[in-house]
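**Q** Quick one, what's the 3D model for this:
(2 chains, ligands or ions: 3)
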Amino acid sequence: MDGSIKTTEIMKSGAEALLRALKDQGVDVIFGYPGGAVLPIYDAIFQQNAIRHILVRHEQAAVHAAEGYARSTGKVGVVLVTSGPGATNAVTGLVDALMDSIPIVCLTGQVPTHLIGNDAFQEADTTGITRQATKHNYLVKRSEDLSRVVHEAFHVAKTGRPGPVLIDLPKDILINPAPYAEPNGLPHRSYRPRTAPDARKVAEAVALMKRAERPIVYSGGGVINAGPEAAKLLMEFVRLTGFPCTSTLMGLGAYPASDPQFLGMLGMHGTYEANMVMHGCDVMLNMGARFDDRVTGRLNAFSPGSKKIHVDIDPSSINKSVVVDVAIVGDATETLRALIAAWKADTQTQDREALAKWWQQIDVWRSKNSLRFTQNRDPGSIIKPQYAIERLYKATRGIAKDTYVTTEVGQHQMWAAQHFKFDKPNRWMTSGGLGTMGYGLPAAMGVQVANPDALVIDIAGEASILMNIQEMGTLAQYRLPVKIFILNNQYMGMVRQWQELLHGNRYSESYSAALPDFVKLAESFHAVGLRAEKVEDLDKVIAEMLAVDRPVIADICVDQKENVFPMIPSGAAHNEMLLGPEHKANAGGYGGGSVTDEGLVLV
Amino acid sequence: MVEQNNGNRSATISVLVENESGVLARVIGLFSGRGYNIDSLTVAPVERDRSKSRITIVTSGTEMVIEQIKAQLGRLVPVYRVQDLSKDGPHLARELALIKVVGIGDARQEALRLADAFRARVIDASTESFIFELTGATDKLDAFLDLMRPLGLAEVSRTGVAAIARGKSTIE
Ligand SMILES: Cc1cc2nc3c(=O)[nH]c(=O)nc-3n(C[C@H](O)[C@H](O)[C@H](O)COP(=O)(O)OP(=O)(O)OC[C@H]3O[C@@H](n4cnc5c(N)ncnc54)[C@H](O)[C@@H]3O)c2cc1C
Ligand SMILES: Cc1ncc(C[n+]2csc(CCOP(=O)(O)OP(=O)(O)O)c2C)c(N)n1
Ligand SMILES: [Mg+2]
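**A** Ligands and ions are numbered 1, 2, ... in the order given. Just a heads-up that it's a prediction; the model follows:
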């Protein structure tokens, strides 16, 4: 995507060349916030209609909105912010996108080239600051590089392992005339991600899997990154093999949650059956997941007896923390296709009897019903957070709209992952790798912009929502009917849970004191405010929230003391899971509390 | 391949990169950000049009860490090629040192004698000092410096390691 500029056309200004490049890259919307250094771009935006600009209320939110846009459409999300504080405000969003492999192009203004390095007004070393926060970044110092750099940035953002790419644009470059060249389609000089899997490795993987007695497919965000075709192929592969399938937080929706071969999420707050299967399996196929510490638990106790196959487009994900037996560098779509073909071509028959026994064992684990909770239905009873999600999920099934869910970070995020079932990819957006509180509302905004007719819900906590609450203004301005469903437990619940389990019930600074009245807050932002205080209010509030065609904040007052279970404490193994109070009677379950000193230093 | 105790090994890695601004910062940032060691790092353009540079890094770590370092380097957008010289076959590694030794009398004579034995060249001399130029493998330079220390070693400037594979195969 680089190379010499062939057909050039001189544009009146760099800003115009930039917009032309964006248009040629298929951009239809930009999330941004103006300032001195980017005024030439805003001027060019003013004079055209092809690209829509969504004015956010904080630059961090612009990036999360672009993430929501990107994750729900598979396209690159575009951000435009000014120099200095505009750029530094965007950094959290960039790191979030980097950790979760979301394709973003972020355009930042910069002081004119001759002032760079002078501590000029609103100057920040943006490329220096964001070097480790992006997949790649550029400072455009010559007008003749501008259009090539923009095209290249899109290519880098969306190919290979996707990620955020930043382009720093000095003001003189934006003002001076600039040549424009269309994308030339040539391969990049140095950047050539590999997508086709090695056929020998694929055959090796199939040979292992054909002989498996206790297999598992562990699928991850890479399947979502690869696109909806990968999800279809994953389904086909799982059906073909009869294997059980589990998913990471980032991969939810790639395999339909309602399918009997799906075991639910694995990891720290995964289901009992998913984690026990990971612990006891003899062959594991990791498809586009990265053996995150939230998933593996204590490394030396992670799935001790299994042969591991790892498919990932990024060679650095392979053998990073877990050593695998078969490493396949490749795109999930291409690799799944190759695996399906090789499986069919291989003459070795499967040990169906062993597989049936494995499923029997899985059913025993499953029957534990590890996500079980008890909701008292007597009028006046306090709402359990899990119940609130369950009712919300049920209610959304009854409506014709496509439903998208974003979350903030904390207990509510985990309950959403456990109790909201996703049957399609790209419907679930959450901040997994960085765990950024304040992600959900702006992300939902971006999803709603991209999918105007869809139902978009941000499942939030009362603490997280305050981190980007200013975006209520954006919802109002663009009439984005996002539903904010706050599980209000009046605590930073996830922090409180760790303090209860690991720090002797000392709830240091985790109480959400002096909360706003969320109903009035909604109203002051031209939205609808609703509240459910008792179990009998819940369905009514949900129905009303879904019925109105406006932004809504639903303040759901839930049990303050509820914890997320199952839980694998940091530093513990999968089979050392803590189960909820419902399971107290079961041996080896709740109250095991095996948090080691090494575990305590982990996050 | 130098085996060290505690499962660590030393690795000499050559990286061919696009010669653009910030590329060295990316490489160094990668090492500091992920906590990898840098024992030596050299960089210079190697193409006639100065479009590509070659970075030579000497690092150490467990086999798993070194493989991770190579994968992380390979992931940088301006990187063309990563070659693990200590693993991919025999290679040559050299560095150059400029060594200032200050002294008079016997020590001065002894320094000159040893320099000759090491094939170090005298490139500057005054009545009270020499500057030696010495090229060789890192351990040869280390050995020479150890000898110079009691003889008035005053200042050292070393280039760091440049390395290349033996035979006709190339990094590209
Ligand atoms: C409070 C909290 C609790 C959490 N608890 C859990 C938990 O219980 N369980 C859990 O699973 N997570 C949990 N997480 C999330 C966790 O931190 C990680 O974000 C998540 O596990 C990573 O998911 P992943 O392995 O699917 O990788 P991702 O981060 O989605 O990475 C995708 C991988 O796929 C690769 N890839 C990208 N594109 C392709 C392609 N086209 N083809 C092939 N490969 C590709 C990438 O190189 C990368 O290695 C929690 C997060 C928070 C904030
Ligand atoms: C920006 C940021 N700061 C701090 C944290 C640490 N943290 C993780 S969860 C959490 C509490 C979240 O509280 P709330 O939004 O009410 O959700 P709950 O856990 O109660 O459902 C905190 C402080 C974080 N993830 N992100
Ligand atoms: Mg809370």
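**Q** Could I get the phi/psi values of the nearest residue to B:Gly103 once chain neighbours are set aside?
**A** Closest residue to B:Gly103 apart from its sequence neighbours, by C-beta to C-beta, 6 or more residues apart in numbering or on different chains: B:Gly152 at 3.2 Å. Yep, even glycine has a C-beta here, placed from its N, CA and C like the rest. Dihedral pair for B:Gly152: phi 100, psi 30, per degrees, to the nearest 10.
**Q** wait, B:Gly152 sits on B:Val102?
**A** Yes - counting by C-beta atoms under 8 Å, B:Gly152 touches B:Val102, with 4.8 Å between them.
**Q** coming back round to it: distance of the residue nearest to B:Gly103 relative to ligand 1?
**A** 56 Å (C-beta to the nearest ligand atom, to the nearest Å).
**Q** How about A:Val95?
**A** From A:Val95 to ligand 1 the distance is 13 Å (C-beta to the nearest ligand atom).
**Q** just so I have it, where are all the helices in chain B?
**A** Along chain B, counting by DSSP state H, helices occupy B:23-33, B:63-75, B:106-117, B:138-148.
**Q** Would you mind getting the angle between the second one and helix B:23-33?
**A** Put plainly, it is helix B:63-75. Helix B:63-75 and helix B:23-33 are oriented at 150 degrees to each other (axes from the mean of the first three to the mean of the last three C-alpha atoms, to 10 degrees).
**Q** Contacts for helix B:63-75 next, please.
**A** Residues from elsewhere that reach helix B:63-75 (C-beta atoms under 8 Å, 6 or more residues apart in numbering or on different chains): A:161, A:314-316, A:318-320, A:323, B:7, B:9, B:11, B:13, B:15, B:27, B:30-31, B:34, B:36, B:59-61, B:79, B:82, B:84.
**Q** do the same with stretch A:223-240
**A** The contact list for stretch A:223-240 (C-beta under 8 Å, 6+ apart) reads A:71, A:74, A:101, A:161-162, A:217, A:219, A:245, A:250-251, A:253-256, A:259, A:261, A:287-288, A:313, A:331-333, A:336-337, A:339-340, A:343-344, A:424-426.
**Q** can you tell me which of those are in strands?
**A** A:Val217, A:Ser219, A:Cys245, A:Met287 (DSSP state E).
**Q** most surrounded residue in the residues you listed?
**A** A:Ser219 (32 neighbours; other C-beta atoms under 10 Å in any protein chain shown).
**Q** okay, that one: pLDDT?
**A** With respect to pLDDT, A:Ser219 scores 98.
**Q** How about A:His574?
**A** pLDDT recorded at A:His574 is 89.
**Q** what's the answer for A:Gly591, then?
**A** 41.
**Q** Just give the number of residues close to the residue of the stretch 151-300 of chain A found nearest ligand 3.
**A** The nearest approach of the stretch 151-300 of chain A to ligand 3 comes at A:His269, 15.7 Å away (C-beta to the ion). When neighbours are counted by other C-beta under 10 Å, A:His269 registers 23.
**Q** Under the pLDDT cut-off, which ranges of chain B? List them.
**A** Chain B contains residues with pLDDT under 70 at B:1-5.
**Q** domain parsing for it?
**A** B:2-88, B:92-162 (automatic domain parsing).
**Q** Out of these, which is closest to ligand 3?
**A** Once the domains of chain B are compared by C-beta to the ion, domain B:2-88 is nearest, at 32.3 Å.
**Q** Are that closest one and ligand 1 in contact anywhere?
**A** No - remark: domain B:2-88 sits outside contact range of ligand 1, by C-beta under 6 Å from any ligand atom, the gap being at least 9.5 Å.
**Q** Strands of the stretch 251-400 of chain A, start to end?
**A** Secondary structure of the stretch 251-400 of chain A (DSSP state E, counting those that start in this stretch): strands at A:262-265, A:283-287, A:307-312, A:326-329.
**Q** Just the CA coordinates for the longest one, please, in PDB.
**A** What follows is strand A:307-312 as a C-alpha-only set of coordinates in PDB (Å, rounded to 0.1, in the frame of the first residue of the first chain):
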ATOM      1  CA  LYS A 307      -1.600 -31.200  23.500                       C
ATOM      2  CA  LYS A 308      -2.200 -27.600  22.500                       C
ATOM      3  CA  ILE A 309      -2.800 -26.300  19.000                       C
ATOM      4  CA  HIS A 310      -2.700 -22.500  18.600                       C
ATOM      5  CA  VAL A 311      -4.000 -20.600  15.600                       C
ATOM      6  CA  ASP A 312      -3.200 -16.900  15.600                       C
END
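**Q** relative orientation of it and strand A:283-287 in degrees?
**A** 10 degrees.
**Q** How far off centre is strand A:307-312?
**A** Offset of strand A:307-312 from its chain centre (C-alpha atoms, centre = their mean, to the nearest Å): 22 Å.
**Q** So which residues make contact with that strand?
**A** So strand A:307-312 is contacted by A:197, A:205, A:208-209, A:222, A:282-291, A:317-319, A:322-330, A:332, A:335 (C-beta under 8 Å, 6+ apart).
**Q** Please list only the buried members of those residues.
**A** Using 16 or more other C-beta atoms under 10 Å in any protein chain shown as the burial test, the contacts of strand A:307-312 include A:197, A:205, A:208-209, A:222, A:282-291, A:317-319, A:322, A:324, A:326-330, A:332, A:335 as buried.
**Q** where does chain A come near ligand 2, residue by residue?
**A** Within chain A, the positions near ligand 2 by C-beta under 6 Å from any ligand atom are A:408-412, A:435-437, A:461-464, A:487, A:489, A:491-495.
**Q** ChimeraX command to pick out the buried ones of these?
**A** To isolate the buried subset of the residues of chain A next to ligand 2 in ChimeraX, counting by 16+ other C-beta under 10 Å, use the following:
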select /A:408,409,410,411,412,435,436,437,461,462,463,464,487,489,491,492,493,494,495
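**Q** show me the contacts for the residue lying closest to A:Leu107 once chain neighbours are set aside.
**A** In space, and not counting its chain neighbours, A:Leu107 is closest to A:Leu80: 4.7 Å by C-beta to C-beta, 6+ apart. For A:Leu80, the contacting residues are A:Ile30, A:Phe31, A:Gly32, A:Tyr33, A:Val38, A:Ile41, A:His53, A:Ala62, A:Cys106, A:Leu107, by C-beta under 8 Å, 6+ apart.
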